[in-house]
Every structure is written in C-alpha cells, then in structure tokens.
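[1] Quick one, what's the 3D model for this:
(one chain, ligands or ions: 1)
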Amino acid sequence: MTTPPLGTTPPRPSGAGEAEAVGLDVGATKIAALRITRDGTVLARARCDTPRGSAQDLVATLADLVKQVRGDRVAAVGAGLPGMVDARTGALVFAPGLDFARAPLRELIEEAVGLPVRTDNDANTAAWAEYRLGAGRGHDHMVLVTIGSGLGCGMVVGGRLLRGSHGYAAEVSHLVVDPRGPRCECGAYGCWGVSASGRAIARLGCEAVAARPASPLARLIGPEPSGAGEAVTRAAGEGDPEAAGILARVGALTGRGLAALANMLDPSVLVVGGGPISAGELLLGPARASFDRWLYSPADRPPVPIVPARFGNEAGAIGAALLALEELAGRSPAG
Ligand SMILES: [Zn+2]
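    Predicted coordinates for the structure are as follows:
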C-alpha cells in the first residue's frame, strides 16, 4: 500500500448522536471484525479463525466477534461474505470457501446480535470502502480489483454499487485474459482468476523453481509450495529478476482484464488491491502498459489512472460497516 490503512485511535467522543457500525469480513480461513465511525476511524478490532461446520456455527462466531468490538453507539452491522449474496434477502447463496450452502445469513445474524444487519459480497464491500474513503474517493464510476488467492471485483457505477438483478454482478474471475493460459474450473482456458491472481503467482513461482532448482528464487521459495506467492512478491521487491518477471506477466494480464472492464464501464479510476500490490510498480507498471494496449482507442479519451488500493485487508470490513451505516441513515447505496 502506498498509503497505510487508517490506524486505530483510542475511543473518543465522536459528536452527539454520531452512530457507529460494526463491520465483519468473513474469509475462508479468517474473520475480521471492527467498529468504525462514519469517517472510517477504527475504534476496535477483533479477529478469529473461520469455524468449520454449519451456518449456525458461523453465526455464533460472528455474534461473539460483534460482542467483542461493540460499543454503546453501534447502530448497525455490515458483513462482507466470500461468495454470492442475494441482494434482496441478504442470504449467502454460494460460497466456495465455506462448507455450507444457501444460508439466510442476514436474518440469522440479526437474530443473534439484535441489530439491523446488511450483508454483501466481500469484494463489493471492499469497493465501497475505496469509493467512500480510499483510492476511489470522488470517482462515481470506479472499479476495484483485488488480487487475493483468487480475484475479487466490485464496481461503482454512478455512485452506486453495481449489483445487477440479484446481487451477483461484477464476477470477473471467468473473463478470459490469456487464451493460452491454464484451465479453469469452469472449463475455459486463461480465465482472469487462474491467470492473474495470487494463485497464478504461486503457480508461476513453483514452475520457475521446478525449471531452475538452483536459482536464487528457488532458494527463497523452498520446497513447500504454500507461501510461494508471497515469496515471489517479496523476492521481486528485493530485486530478483525472475520474480519480477512473474509479476510483470501477471501485471500485464491484469492490465488486459482492466482494459476489458474500462471498455465496458468507462470508469474514471481503476483501483487494484491485494497482497501482490505491495510490489508496487513491478506489478502496476506492466498493468498500465498492457491496459493501454488493450483499451479501445486510448488516444481519444482521458487517461484512466490505475492506482493501488488505500485499504489493505481491512477494506472488506470497513466497507461493510459503511454500507450498514449509510443504509440506516436512509441513504440507498444499493444499485
Ligand atoms: Zn473460469
């Protein structure tokens, strides 16, 4: 991140009647909770492992986290969920990282915590955090792409989150960015999610190690493939040319995907988040060059900046809390 996430500040009086919200970010392995004010100041944080088991187990864990960070002024709870969330009911319809399917999570969390709850896809909530308070602030047409182990995307169009008819919009993982790329679970080759994600960086790192087991990068990655993606990003930052080449390749494919989104949506900024962004220009430079190559008629339109996200791994929770607060205040952020 070029700008650090907002830090924790000691609890302070935040104006008479100023509401606060709790944001939850449910990942496949970890859950983050925080309490924020409307301006994004984080007042409390808690974290735990994602429970294995039923939706009821998850809800009990979420209720416990809310209890840990909750203060007197909390008026709503927002939750970013790792899958398809029904925009009408707030139910989690499908989440590849969780063991259960189709759970009325908004309803269940409301019952458990006794507060109004809003649920949404975690990439949507992260995009909302960047739009409201981060790198997309002031841009009513913006896209956030997050390079996690897979690929997340949220889109703001005309100052509203783009959710589509049911809540399932902005699923860009299966957009083909590399026709000669690896096979995706969907059956196609070269989908964005398998070609230019954290998983892709790890795979390319492991392939490089297999091809040149005596290289400096091989010594950094070691025999275990877990953590290979992080090792590649770190090595690139430390000047390893092979690792930099991997990030350049992933950056170029990212730029191709971003160009496709810009051709569709005509945003005024594109925000890129996720762990590999810590490599900065090693990833973003090739992304920009490729973006210019694939954007339709770039000379005839204003430049579209490709910028790093402001918020790190707290974007999902912050955006979920902001969405919950804004909805409570009678504002309709949903598209
Ligand atoms: Zn696919």
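[2] What about A214, how many residues nearby?
    The local packing of A214 (other C-beta atoms under 10 Å) involves 7 other residues. Where you see a C-beta, it was placed from the backbone N, CA and C, and this is true even at glycine.
[3] for it, phi and psi?
    Phi and psi for A214, reported as degrees, to the nearest 10, are phi -100, psi 0.
[4] so V22 touches V77, yeah?
    Yes - using C-beta atoms under 8 Å, V22 is in contact with V77, at 4.7 Å.
[5] neighbour-wise, which of the two wins?
    V22 (33 against 30).
[6] ok, now which ones touch that one?
    33-35, 66, 69-70, 74, 76-78, 115, 321, 324 (C-beta atoms under 8 Å, 6 or more residues apart in numbering).
[7] part of a strand, is M155?
    Yes - according to DSSP: H, G, I helix; E, B strand; the rest coil, M155 belongs to a strand.
[8] quick one: contacts for it?
    Shown in contact with M155 (C-beta under 8 Å, 6+ apart): A127, M142, V143, L144, L161, L162, A169, A170, L261, L265, P267.
[9] and the gap between E20 and R38?
    Separation of E20 from R38 (C-beta to C-beta, to the nearest Å) stands at 8 Å.
[10] Residues touching the lowest-mean-pLDDT helix or strand in the chain, excluding its own?
    The helix or strand of the chain with the poorest confidence is helix 216-221; it has a mean of 89 (mean pLDDT, DSSP states H and E). If you take C-beta under 8 Å, 6+ apart as the criterion, helix 216-221 is touched by 205-206, 208-209, 212, 227-228, 231-232, 234-235, 240, 242-243.
[11] thinking again about what came up before, between V22 and V77, what contacts are shared?
    Contact criterion C-beta under 8 Å, 6+ apart; residues shared by V22 and V77: V66, L115, A321, A324.
[12] Which ChimeraX command selects the buried ones in the residues you listed?
    Buried residues within the shared contacts of V22 and V77, by 16 or more other C-beta atoms under 10 Å, are selected in ChimeraX with:
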select :66,115,321,324
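[13] rewinding a little: the ion: which of the contacts of helix 216-221 is nearest?
    Within those, the smallest distance to the ion is 20.5 Å, found for C206 (C-beta to the ion).
[14] And the closest one, which helix or strand is it part of?
    helix 198-211 (DSSP states H and E).
[15] Kindly spell out which helices and strands sit in contact with that helix.
    Secondary structure elements in contact with helix 198-211, counted by 3 or more C-beta pairs under 8 Å, 6 or more residues apart in numbering; DSSP states H and E, are helix 216-221, helix 228-237, helix 241-265.
[16] For the stretch 151-300 of the chain, which residues are neighbours of the ion?
    Listed as neighbours of the ion in the stretch 151-300 of the chain under the rule C-beta under 5 Å from the ion: H174, C184, C186, A188, C191.
[17] The closest residue to the third one other than its chain neighbours: what's it in contact with?
    So that's C186. Spatially, and ignoring its direct neighbours in sequence, C186 is nearest to H174 (5.2 Å; C-beta to C-beta, 6 or more residues apart in numbering). Residues near H174 by C-beta under 8 Å, 6+ apart: C184, C186, A188, C191, W192, G193.
[18] Now do the SS call for H174.
    At H174 the chain is in coil, as set by three-state DSSP.
[19] in the least confident helix or strand of the chain, what's buried?
    For helix 216-221, a neighbour-count test (16+ other C-beta under 10 Å) marks L217, A218, L220, I221 as buried.
[20] mind listing the helices for this structure?
    Counting by DSSP state H, one finds helices in the chain at the ranges 55-69, 105-113, 122-133, 192-195, 198-211, 216-221, 228-237, 241-265, 281-294, 315-328.
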